[in-house]
Structures are given as structure tokens and as C-alpha cells.
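Chemist: output the structure for:
(one chain, ligands or ions: 1)
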Amino acid sequence: MTLDDAPAVAEPAQQAREEELLERVVASFDDAPDPRLRQLMQSLTRHLHAFVREVRLTEAEWQQAVDFLTATGHATDERRQEFILLSDVLGVSMQTITVNHEVHRDATEATVVGPFFVEGSPEVALGGDIAAGAPGEPCWVEGTVTDADGRPVPNALIEVWEADQDGLYDVQHGDDRTAGRGHLHTDDRGRYRFWAVTPTPYPIPDDGPVGRLLAASGRSPMRASHLHFLVRAAGFRTLVTHVFVRGDPLLEHDSVFGVRDSLVLDFEPRPAGTPTPDGRELAGRSWSQVRFDVVLAPAGAVTPIPTAGPRPVAGPAPGVP
Ligand SMILES: [Fe+2]
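Modeler: Numbers count the residues shown, from 1 in each chain. Okay, here's the model as predicted:
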């Protein structure tokens with residue numbers, strides 16, 4: 001059966017049976033001691049049932065979905081997070097971030113963390129090189145961290161991580177190397193600077209269930225070229241974002257919907273022989289240069305997550321036809 005020949009609206013008796021089941025499941029969460037859990041589970045139930053009923057989900061499709069989620073779990077380990085990847089390609093990660101990081105004046109926009117952030121990155125000094133041997137064209141990155149009034153934020157923690165020119169993060173090489181990641185702190189005027197490699201496009205890991213889903217959907221696994229940032233300072237909302245390379249044709253087709261116009265920056269190409277900002281000798285290699293000024297929102301700007309919302313009304317959820 002296809003969507004085209006499925007009945008648009010179930011017969012009244014059938015509809016009543018489906019409604020009765022839905023309401024019984026929703027009511028089963030009525031006594032959840034945590035009101036937030038109750039809200040989440042009842043809303044989730046309504047949306048899931050609305051989906052099943054709208055598409056008239058077949059039993060074979062239900063089994064396929066279970067198999068897919070099982071495979072997604074099996075593909076996940078301490079180095080690979082296939083569930084985050086699934087959330088990313090469905091735009092759920094980006095939507096969650098959008099909901100939780102409301103616009104605050106000129107504060108830098110947040111985007112997905114992605115699956116490749118690793119705790120415990122090496123510390124590099126200001127002006128140091130986070131590449132640590134990662135192959136790629138050297139890239140000088142500098143900027144400031146300020147509040148929304150332009151006041152510098154000293155001693156802000158900046159975590160950066162990126163893929164190498166082969167399109168792989170260090171953890172994907174399978175040899176315990178640490179490269180293309182590091183952390184540093186802003187100076188007393190909120191300034192930072194470091195060497196990295198010029199970002200290049202790469203595919204998200206597409207040899208697992210998420211990759212097969214993309215292929216079956218005619219979607220590309222490619223991500224636009226980017227450099228990841230996490231910026232944290234006392235009194236401010238922690239920023240997780242990345243910056244993109246202006247001119248990259250993949251900006252319009254980023255597989256995880258992470259691109260924001262405000263995060264597309266000019267990575268200025270510097271031909272071989274161009275003097276570097278810190279006098280580093282690059283042995284005849286070209287390099288690039290980018291400026292990224294980070295503006296942090298105050299910690300109070302975090303959108304509070306309601307612990308108890310109004311009871312959802314019966315009927316289709318907003319946006320669910
Ligand atoms: Fe990335």
C-alpha cells in the first residue's frame with residue numbers, strides 16, 4: 001500500500017478505535033510524579049500516534065524502523081555516536097538548539113555540536129597550533145570574545161576542533177592520534193589567536209544506518225567546510241557553534257542544517273611567501289586567514305525549559321496535519 005491509495009480519513013468506527021487507544025496511552029502518564037516527564041511523554045505519544053495514523057504505518061515499516069534504530073544503537077560506541085548523527089540529519093539537533101538559544105542582540109548564533117567533540121583536548125598557548133600534525137593548509141584564526149556591549153571577556157575558554165584535509169577527524173583515523181583539536185583562553189583584552197588548518201568539506205560517516213538512510217533518500221552526506229568552536233565563560237551562555245567558508249558550494253546543502261549566514265566568514269587565501277602574522281615560517285606553503293569575533297549572551301539569556309506546561313489539548317498537534 002502506498003500513501004496514494006491509503007484512505008485519507010479513517011472510517012468513523014476505525015477513527016474512534018484509534019482515538020480511544022491514543023487517549024488510553026496518554027492517560028497512562030497522568031500520574032507521573034515529575035510533571036515535565038508527564039508533559040514530554042504525553043506530547044511524544046500524541047505526535048507518534050499522529051504520525052502512525054497519518055502515514056497509515058504498515059507493520060513491515062514498523063519492523064523496519066525497529067531494525068533501523070537497533071542498527072543505529074549497534075553502530076554507536078565511545079568513539080562514534082550514530083544517534084547524534086541521526087538527530088543531526090533530521091534537523092532535530094539544530095531545532096533543539098534554535099529553541100534553546102533565543103536571539104539575544106548580536107550574540108553569536110549557536111549550531112550543532114556534532115559527533116566529534118572530545119573532552120580533554122590539549123591546551124595550546126595563544127598563537128599555538130591546534131593542527132598538531134593534521135594534514136592541511138595552515139590557517140591563522142584570530143578574533144575577540146566580548147559581551148553584547150562589546151566589552152572584552154578575558155580568560156574565556158575556547159575549544160576548537162576540525163577535520164583534516166582528508167575529511168577525517170583525529171578520532172576517525174583509528175590510531176589514537178590527537179590532532180586538529182585543542183583549547184585556549186582569551187587574554188586580558190578578550191583576544192585569541194591560533195593556527196589551525198583551512199577547513200575543507202567532508203562527509204558525515206555514511207557507512208552506517210544513517211548513511212544508508214541518506215542514500216535511500218537521495219541526500220548527500222557532505223558537510224560544508226567548517227571549524228568548530230565551543231566558548232565558555234563565567235556569567236555567559238556557553239556557545240557551541242562553527243564557522244563556515246564563504247564561497248563553499250556546499251553551504252546550501254549542509255547535511256546537518258548547521259549553516260547560519262552570520263557564521264559564514266571570509267577565509268582569505270594567502271599565497272606562499274606572504275608573511276604570517278606571527279612570523280611563522282611555512283616553507284613555501286600557502287595559508288589562509290580568518291577573523292571570528294565571538295559575542296556571548298549573558299547566562300540569564302538561556303531560555304528556561306518549562307517544568308510544567310499546560311496540558312496539551314486533544315487533537316492534532318500544531319504542525320501535524
Ligand atoms: Fe564537523
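Chemist: surely Val245 meets Val264?
Modeler: Yes: counting by CB atoms under 8 Å, Val245 touches Val264, with 7.5 Å between them. In short, each C-beta sits where N, CA and C put it, glycine included.
Chemist: Gly150 should be in a strand, yeah?
Modeler: No: using DSSP: H, G, I helix; E, B strand; the rest coil, the secondary structure at Gly150 is coil, not a strand.
Chemist: and Val245 and Val264? Which one has more around it.
Modeler: Between Val245 and Val264, counted using other CB atoms under 10 Å, the more crowded position is Val245 (22 against 17).
Chemist: which one is the more buried one nearest to, not counting chain neighbours?
Modeler: Spatial nearest neighbour of Val245, chain neighbours left out: Ser225 (4.4 Å); criterion: CB to CB, 6 or more residues apart in numbering.
Chemist: got a list of what the one you found touches?
Modeler: Contacts of Ser225 were listed using CB atoms under 8 Å, 6 or more residues apart in numbering, and they are Thr198, Pro199, Thr200, Pro201, Phe244, Val245, Asp248, Leu250.
Chemist: what's the answer for Thr146, then?
Modeler: Pro152, Val153, Gly190, Asp293, Val294, Val295, Leu296.
Chemist: show me the residues you listed that map onto strands.
Modeler: Val294, Val295, Leu296 (DSSP state E).
Chemist: got these as a markdown table, with distance to Asp77, pLDDT and neighbour count columns?
Modeler: Formatted as a markdown table, the ones in strands among the contacts of Thr146 follow (distance: CB to CB, whole Å; pLDDT from 0 to 100; neighbours: other CB atoms under 10 Å):
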| residue | distance to Asp77 | pLDDT | neighbour count |
| --- | --- | --- | --- |
| Val294 | 33 | 98 | 23 |
| Val295 | 37 | 98 | 21 |
| Leu296 | 34 | 97 | 24 |
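Chemist: same list, these, but as TSV with distance to Phe229 please.
Modeler: Below are the ones in strands among the contacts of Thr146 laid out as TSV (distance: CB to CB, whole Å):
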residue	distance to Phe229
Val294	7
Val295	12
Leu296	11
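Chemist: out of the residues you listed, who's nearest Arg181?
Modeler: Nearest to Arg181 out of the ones in strands among the contacts of Thr146 is Val294 (CB to CB; 17.8 Å).
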